[in-house]
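A.B. asks: what shape does this take:
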Amino acid sequence: MNPRNQVSRQSSAQSNPILRRRVRPVLAEALMEVGAYAEAWTHLAAALQDSNVEPELQRAAARCRAAFAVAAPGREHVPVFPGALFLRVFEAPPARTILPPTDTVILCTSSLGAGGAERQVALTAAGVSRARAGRGRTVLAGLDLTPARGRAMMRNLAETEHLVIEDLAHVNDTHVLRALTAEDPCLREALRLMAAFPPNLARDILKFYDCFRRHRPSCVHLWQDGVISTGSVAAFLAGVPTIVCSMRNVVAGENDRRRYRAYLATMYRALAERPEVRFTANSAAGAQDYEAWLGFERGRIRVLRNGVDVKSLRARAPEAERLGVRERLNLSPDALLVGGVFRLAPAKRPHLWLDVVARVAEADPRTHGVIVGDGAMRAEIAEAIAARGLSSRITLAGRQSPVEPWMAAMDVLLLASEVEGLPNVLLEAESLGVPVITTRAGGSGEALLDGVTGRLVEDDAPANLAAALTAVIRSRGLRHRARVGAPVFIEQRFGIERMIRETLAVFGETDPLKMGMAS
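C.D. replies: As a prediction, the model looks like this:
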């Protein structure tokens, strides 16, 4: 930018009151993001003298004050905003008005949309609520369960007569803040601290806090990094006795725009110091990755693997519907169908999947491919398929419900993700007797018996994946072993009742047989 133009713009902002009001909060937030609290406060202090100071600046000032509370001399390790606020909550909390807990357990999720973690939280909520029937209330709280936004696709898996489901999307956080302030003046300090978080976090913290105040749970079970970030603050300030934090993936890298948050390491290390907090991960790979990243001792994070209801899953894929899918795809009786069930997103590497299937299809004319799922890359992948001249042999089926007949119609399922936790799609395909091919991404290697239920490829070279895929397609013996042995393997290692028992044990409810598990 031309220096003269820059000076001119700065002068314009200083002389224009409307522009100045718009720039000041943005500048203050930017300075706090890089940890420059003192410089941010210089701008904020001057602005706060204005009798017409805007609410955004007031909130920024509150966040800056909270950061100063921990960013004191001798504490140079204090992280950038908003990490300092997590330390403020967990290391030096404000006075809390703690209500006596009830026999209520609350499972917290961002949504019940189309995803492996969402499927697992729905199954867990249903199973836990049945196991606890007659003993206490079980609540499933979602930040957004709006069907029109695709946020409720897994809700039917959760619904039982024993489970209360709350959609917090309808809760107005501003009204909650006002009501709680009027209800109990002792809460004002805690509420000011909650409101000091960035607006997107503060909104969800207040919603969870209101939920926890109303239900007074003895335990909350928080699913995935985002919900852990907000739910842990709300649970701690509400005085919940047991807080379970469930990681569902490996650590997010800085290039992972969906999952990466710069403050997570600070938050998790602060949480680890609290006696009421327990950590779980759904794969050994995920647990070890988080432990190494956070400097935890080995075994600090308990492995609680996903659960699969094999019987129900197979019931949703009757033979007639399986054959109907193959007819819909115009497959000949001897066709070999390679399938993929995933979002069309970079982390799932659909171009790699396509490259591998194209190689196999070129060598074997019986090979056809189908991707079940949708996403931002759909048009791009469709163009790539057409450019390879494979439009008649590879189908983009979009989202399908139920998905089980589509999976059962496959002769082999290929997953070529870059990052995974414990991929449910592998467990579900194996439950249906479909052999799987996968790269060693996260906990993928824990989801199969190599050579029995499928093949694990140690690298992501297309030639090696294609060779493994070809070997499975050409081996009737391996496909038969998978058809018979894979459902047994999944039932034994990933059975739903095993997951519910282990979950109840993490909650501290160690006698599940007396709570209905035997039935």
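A.B. asks: check the separation of the first and last residues in stretch 444-451.
C.D. replies: 14 Å (CA to CA, to the nearest Å).
A.B. asks: skipping adjacent residues, who's closest to residue 189 in space?
C.D. replies: residue 94 (4.0 Å; CB to CB, 6 or more residues apart in numbering). For every residue, glycine as well, the C-beta is placed using N, CA and C.
A.B. asks: residues near the one you found, how many?
C.D. replies: 16 (other CB atoms under 10 Å).
A.B. asks: tell me the predicted confidence for it.
C.D. replies: On the pLDDT scale, residue 94 is placed at 71.
A.B. asks: in what helix or strand does the residue lying closest to residue 41 once chain neighbours are set aside lie?
C.D. replies: Leaving out its chain neighbours, the residue that sits closest to residue 41 by CB to CB, 6+ apart is residue 64, at 5.3 Å. Under the criterion of DSSP states H and E, residue 64 resides in helix 55-70.
A.B. asks: sec struct for residue 325, please.
C.D. replies: Assigned with DSSP: H, G, I helix; E, B strand; the rest coil, residue 325 falls in the helix class.
A.B. asks: which residues touch it?
C.D. replies: 405-406, 408-409 (CB atoms under 8 Å, 6 or more residues apart in numbering).
A.B. asks: who does the longest helix along the chain touch, helix- and strand-wise?
C.D. replies: Ordering each helix of the chain by length in residues (DSSP state H) puts helix 476-494 first. Helices and strands touching helix 476-494, as assessed by 3 or more CB pairs under 8 Å, 6 or more residues apart in numbering; DSSP states H and E, comprise helix 310-315, helix 424-431, helix 462-474.
A.B. asks: if I look at the residue nearest to residue 189, how far off is residue 235?
C.D. replies: 15 Å (CB to CB, to the nearest Å).
A.B. asks: same deal with residue 282?
C.D. replies: Distance from residue 282 to residue 235, by CB to CB: 21 Å.
A.B. asks: who are the contact partners of residue 354?
C.D. replies: 369, 381, 384-385, 388, 394 are the contacts of residue 354 under CB under 8 Å, 6+ apart.
A.B. asks: one more time with 10 Å
C.D. replies: With contact taken as CB atoms under 10 Å, 6 or more residues apart in numbering, residue 354 is in contact with 340, 369, 371, 381, 384-385, 388, 390, 394, 416, 462.
A.B. asks: list the buried residues in the helix or strand harbouring it.
C.D. replies: Here residue 354 sits within helix 350-363, counting by DSSP H and E. Using 16 or more other CB atoms under 10 Å as the test for burial, helix 350-363 gives 350, 352-361.
A.B. asks: which one of those residues is nearest to residue 484?
C.D. replies: Nearest to residue 484 among the buried residues of helix 350-363 is residue 360, at 24.3 Å by CB to CB.
A.B. asks: for residue 338, list each beta-bridge partner.
C.D. replies: residue 369, residue 412 (DSSP bridges).
A.B. asks: pLDDT value on the spatially most central residue of the chain, please?
C.D. replies: Among the residues of the chain, the one closest to the centroid is residue 224, at 4.2 Å (CA atoms, centre = their mean). With respect to pLDDT, residue 224 scores 96.
A.B. asks: and it, how close does it get to residue 336?
C.D. replies: 36 Å.
A.B. asks: over to residue 282?
C.D. replies: 32 Å.
A.B. asks: so which of these two has more stuff around it?
C.D. replies: More neighbours surround residue 282 than the other of residue 282 and residue 336, with 28 against 21 (other CB under 10 Å).
A.B. asks: pretty sure that one sits against residue 424.
C.D. replies: Yes - between residue 282 and residue 424 there is a contact under CB atoms under 10 Å: 9.3 Å.
A.B. asks: mind listing the shared neighbours of those two?
C.D. replies: The contact lists of residue 282 and residue 424 share 116-117, 120, 306-307, where a contact means CB under 10 Å, 6+ apart.
A.B. asks: is it possible to get TSV of the residues you listed that adds neighbour count and secondary structure?
C.D. replies: Formatted as TSV, those follow (neighbours: other CB atoms under 10 Å; DSSP: H, G, I helix; E, B strand; the rest coil):
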residue	neighbour count	secondary structure
116	22	helix
117	23	helix
120	25	helix
306	28	coil
307	25	coil
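A.B. asks: on that earlier part again, state the pair within the contacts of residue 325 that is farthest apart.
C.D. replies: Among the contacts of residue 325, 406 and 408 lie farthest apart (CB to CB), at 7.3 Å.
A.B. asks: which neighbours do these two share?
C.D. replies: In contact with both residue 406 and residue 408: 317, 321-322, 325-326, 339, using CB under 10 Å, 6+ apart.
A.B. asks: mind checking which of those are buried?
C.D. replies: Buried, going by 16+ other CB under 10 Å: 317, 322, 325-326, 339, out of the shared contacts of residue 406 and residue 408.
A.B. asks: by neighbours, which of the contacts of residue 354 wins?
C.D. replies: Using other CB under 10 Å as the neighbour criterion, residue 371 leads the contacts of residue 354 with 27 neighbours.
A.B. asks: that one falls within a helix, correct?
C.D. replies: No - judged by three-state DSSP, residue 371 forms no part of a helix; its state is strand.
A.B. asks: and the gap between it and residue 425?
C.D. replies: Counting by CB to CB - residue 371 and residue 425 are separated by 12 Å.
A.B. asks: need the overlap of contacts for those two.
C.D. replies: What both residue 371 and residue 425 touch, as defined by CB under 10 Å, 6+ apart, is the set 339-342, 348.
A.B. asks: quick one: list the elements packing against the next helix-or-strand element following the longest helix of the chain.
C.D. replies: Where DSSP H and E defines the elements, the next helix or strand beyond helix 476-494 is helix 496-507. Counting contacts by 3 or more CB pairs under 10 Å, 6 or more residues apart in numbering; DSSP states H and E, helix 496-507 packs against strand 105-109, helix 116-131, strand 219-223, strand 242-247, strand 277-281, strand 302-303, helix 310-315, helix 476-494.
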